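[1] any chance you can model this:
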Amino acid sequence: MKIYTFHKKQKLPISVDEAWKFLSDPKNLKVITPDYMSFNILSGADRPMYAGQIIQYIVTPVLGIKTKWVTEITHIVDKHYFVDEQRFGPYALWHHKHFIKEIEGGVEMEDIIDYKVPFGIIGQLVHPFLVKPKLNEIFAYRKEKLESLFGTYTQ
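    Here you go, the predicted model:
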């Protein structure tokens, strides 16, 4: 059983309060997801994020295949971090940690995702040219979108 780790950091010239307000609102996930993925929240985003929150959505991650994805917010420390875990969806395992810390001139956001692809050895074979590049593409979009919303960190 192969478990992969995806790790990204981004700095933004905003306060921890601004970053937390944006990132802890489940509705903003649609804002930072590429349009071609047809991200649509079905339920669970009607109140501020809390531990135990279940969010259901439809997404089209690859090859135009619509997928229902259900995540649970399992841990929250206000203005520091939160964790979402897949309960149902395209991965065999999805555990996504979101960290926010204050730095000089802004914040550093860090994403660490531990995940397992489905379909055993077949999933592992397609990982390097399908799954990993798709995650890189999604997070590159997020980086650009967050910079367009909040500005570019220059320190």
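[2] where exactly do the helices run in this protein?
    Applying DSSP state H to the chain gives helices spanning 16-23, 28-31, 120-126, 132-150.
[3] pLDDT on the longest one, on average?
    Rounded to a whole number, the mean pLDDT of helix 132-150 is 97.
[4] could you pull out the strands for this protein?
    Ranges of strands in the chain, per DSSP state E, are 4-12, 40-43, 54-59, 67-77, 81-88, 93-103, 106-116.
[5] and those strands: which comes nearest E147?
    Minimum separation from E147 across the strands of the chain (CB to CB) falls at strand 4-12, 7.2 Å. (Glycine included, C-beta is placed from N, CA and C.)
[6] re earlier: mind giving me a markdown table with the strands of the chain and columns for mean pLDDT and mean neighbour count?
    A markdown table is the format used below for these (pLDDT from 0 to 100; neighbours: other CB atoms under 10 Å):
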| stretch | mean pLDDT | mean neighbour count |
| --- | --- | --- |
| strand 4-12 | 98 | 15 |
| strand 40-43 | 96 | 13 |
| strand 54-59 | 96 | 18 |
| strand 67-77 | 97 | 16 |
| strand 81-88 | 98 | 17 |
| strand 93-103 | 98 | 16 |
| strand 106-116 | 98 | 18 |
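[7] circling back to that earlier point, columns mean neighbour count and distance to I54 on top of the helices of the chain, output as a markdown table?
    Formatted as a markdown table, those follow (neighbours: other CB atoms under 10 Å; distance: least, CB to CB, whole Å):
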| stretch | mean neighbour count | distance to I54 |
| --- | --- | --- |
| helix 16-23 | 17 | 18 |
| helix 28-31 | 15 | 14 |
| helix 120-126 | 12 | 25 |
| helix 132-150 | 15 | 22 |
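[8] which residues sit in contact with the residue most central in space within the chain?
    In the chain, the centroid-proximal residue (CA atoms, centre = their mean) is H96; its distance is 6.8 Å. By CB atoms under 8 Å, 6 or more residues apart in numbering, the residues touching H96 are 83-85, 111-113.
[9] possible to save the strands of the chain as CSV with distance to P34?
    Formatted as CSV, the strands of the chain follow (distance: least, CB to CB, whole Å):
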stretch, distance to P34
strand 4-12, 15
strand 40-43, 13
strand 54-59, 10
strand 67-77, 15
strand 81-88, 18
strand 93-103, 17
strand 106-116, 16
